[in-house]
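>>> Next comes the sequence, and after it the predicted model I'd like to discuss.
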Amino acid sequence: MEQKENHKRIAMFSIHSDPLASLGSQESGGQNIYVRYLAEELGRLGWEVDIFTRLDNPRKNQIARISKNSRVIRLKGGPVGYVPKKELFSFLPEIFDNFLHFINFENPYILFHGHYWDGGAVALEAFKKFQKPFVQNFHSIGIVRVETKKRFLDNGSVDNSYVESRTEMEKEIIKNSSVIISLAESEKQSLIQFYGCPEEKVQVIRGGVDVKHWPLIEKEKARDTLGLDKKSFVILFVGRLEWRKGIGTIISAARLLREKITGLKILIVGGKIFGRDINAADFKEYKRLQKKAEEEGVGDILSFAGSMDHGRLPAYYRSADVFVVPSYYEPFGLVVLEGMASKVPVIASSVGGLAITIKDGKTGLLFEPRNALSLQEKIMELYKSESLASVLVQNAFEEISKNYSWQNVTEKIAVIYNSLITGESK
Ligand code: UDP
């Protein structure tokens, strides 16, 4: 490869999250979308972006192009197959070594950008070796996950060895990075409070949504496509099947609602739970939720669609009467923006980025996390008032059209890159 340092050539590290992977499973969600859009938009601004990720499937090519100026480069690290995030530590040195081989030990990049603790760990090594500016996005942080479990889980089981190693790594990344980009003010506060991160190191730049990707298909047509009854009242969830996503709260709320709403239906999108490609952790969570639904007496109105690629999601969003995001912990929550772009009323728990994106009573409704009673009240408000739903939807659409484009996100990030690069050359 060309080794000459290019004035606009950067390396990103997104180790567990291949931006070209299919979405909706343990390791593939918001981060994949974020990295992919960021790389594409940076390409439009004239940046060349190489995204390094772990080779997790023997059928994948080592190099794949995302757009004219951006590509994904898959490096071997451990077995060429699925490895849970918490087991990645021991493979990171091999990945870094393969990165060095890929660039022939001569660095062509002017900046390193890490994503999540694993990508940050590799970016940190690159920074130490080549002394180029180091930008970091955490996407989620270890201590807050633990605090969330302590707050909401009765048996609060936490894998301590993983948490300790992850937290130590996050501290190292915070210490050495030039700038940390947080998607919400809440993450910035957590970095300061739990990690002693200097305030001035963190810049808040919210996530984005590509409105063109969310066509406003007619609701009846969308329901036809999915074989859904026109008279049902559909509550939709979209996301990875993880405990912290709070799907259990929707199930408990459904028990309270089923006598009040005729034709109530709960539709869950996400999780590799069908076919040959089943993910064991997704499947376990699916079974747990099914069991809970049976216990709550709502098994018959709950259905799981499995994971869907973005191209198939508009029909789901457009079929819904209400879109619920019930997370216990949510650093940002891109799905909220997708719901808003799809003009479906959004109800979200008042945590993390959700409570910042949604202006309660104006662009959506917020409820108390893990409180089924609070959620069912909000759903009833929307069920009873079509006018409330249409006002929320209208305001939400205006809000995202004005403030949440990927172009906007990327321009702000490019300003950070430029200031670090020019600062360095002074
Ligand atoms: N998603 C998807 N298919 C699925 C489930 C989720 O495409 O079956 C996408 C969803 O549309 C969104 C992303 O995965 O773009 C989830 O991002 P979010 O920030 O809400 O959650 P995260 O995955 O980062 O926890």
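Thanks, I have it.

>>> Which positions in the stretch 151-300 of the chain make contact with the ligand?
The interface of the stretch 151-300 of the chain toward the ligand, taken as Cβ under 6 Å from any ligand atom, is made up of 238, 239, 240, 269, 270. Yep, even glycine has a C-beta here, placed from its N, CA and C like the rest.

>>> Report the two of those separated the most.
When Cβ to Cβ is used, the two most widely separated members of those are 240 and 269, lying 10.3 Å apart.

>>> Report the set of residues contacting both of these two.
Here residue 240 and residue 269 share the contacting residues residue 24, scored by Cβ atoms under 8 Å, 6 or more residues apart in numbering.

>>> Tell me where the stretch 51-200 of the chain has helices.
Counting by DSSP state H, counting those that start in this stretch, the segments of the stretch 51-200 of the chain that form helices are 92-102, 116-130, 142-152, 160-176, 185-195.

>>> Let's have these in JSON lines, adding mean pLDDT.
What follows is those, written out as JSON lines (pLDDT from 0 to 100):
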{"stretch": "helix 92-102", "mean pLDDT": "98"}
{"stretch": "helix 116-130", "mean pLDDT": "98"}
{"stretch": "helix 142-152", "mean pLDDT": "86"}
{"stretch": "helix 160-176", "mean pLDDT": "92"}
{"stretch": "helix 185-195", "mean pLDDT": "96"}
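
>>> Same list (those helices) but as JSON lines, adding mean neighbour count.
Written out in JSON lines, the entries for those read as follows (neighbours: other Cβ atoms under 10 Å):
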{"stretch": "helix 92-102", "mean neighbour count": "17"}
{"stretch": "helix 116-130", "mean neighbour count": "23"}
{"stretch": "helix 142-152", "mean neighbour count": "17"}
{"stretch": "helix 160-176", "mean neighbour count": "16"}
{"stretch": "helix 185-195", "mean neighbour count": "18"}
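
>>> who wins for proximity to residue 63 among those helices?
Nearest of the helices of the stretch 51-200 of the chain to residue 63, taken as Cβ to Cβ: helix 92-102 at 9.5 Å.

>>> Got the phi and psi for the closest residue to residue 95 other than its chain neighbours?
With Cβ to Cβ, 6 or more residues apart in numbering as the criterion, residue 95 has its nearest non-adjacent residue at 3.7 Å, and that residue is residue 77. Its backbone dihedrals place residue 77 at phi -160, psi 100, with angles given as degrees, to the nearest 10.

>>> State the mean pLDDT of the one helix or strand residue 422 maps to.
Secondary structure assigned from DSSP states H and E places residue 422 in helix 406-425. Along helix 406-425, the predicted confidence averages to a pLDDT of 92.

>>> who's in contact with that helix?
So helix 406-425 is in contact with 7, 10, 37-38, 40-42, 44-45, 47, 110-111, 132-133, 135, 178-179, 181, 203, 205-210, going by Cβ under 8 Å, 6+ apart.

>>> Buried only: go through those for me.
When burial is judged by neighbour count using 16 or more other Cβ atoms under 10 Å, the buried members of those are 10, 37-38, 40-42, 47, 110-111, 132-133, 135, 178-179, 181, 205-210.

>>> Quick check: strands, which of those are part of them?
10, 111, 135, 179, 181 (DSSP state E).

>>> of all those, which comes closest to the ligand?
Relative to the ligand, the closest of those is residue 181; by Cβ to the nearest ligand atom it sits at 14.6 Å.

>>> For stretch 222-241, measure first residue to last.
As for stretch 222-241, its first-to-last residue distance stands at 24 Å under the measure Cα to Cα, to the nearest Å.

>>> what is the rounded mean pLDDT of that stretch?
Averaging pLDDT along stretch 222-241 yields 97.

>>> again with stretch 389-396
For stretch 389-396, the mean pLDDT works out to 98.

>>> Send over that stretch as PDB, restricted to the C-alpha atoms.
Taking Å, rounded to 0.1, in the frame of the first residue of the first chain, the C-alpha atoms of stretch 389-396 are listed here in PDB:
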ATOM      1  CA  ALA A 389     -49.800  11.800  18.800                       C
ATOM      2  CA  SER A 390     -50.000  14.000  15.700                       C
ATOM      3  CA  VAL A 391     -48.500  17.000  17.500                       C
ATOM      4  CA  LEU A 392     -45.600  15.000  18.900                       C
ATOM      5  CA  VAL A 393     -44.900  13.500  15.500                       C
ATOM      6  CA  GLN A 394     -44.900  16.800  13.700                       C
ATOM      7  CA  ASN A 395     -42.600  18.500  16.300                       C
ATOM      8  CA  ALA A 396     -40.300  15.500  16.300                       C
END
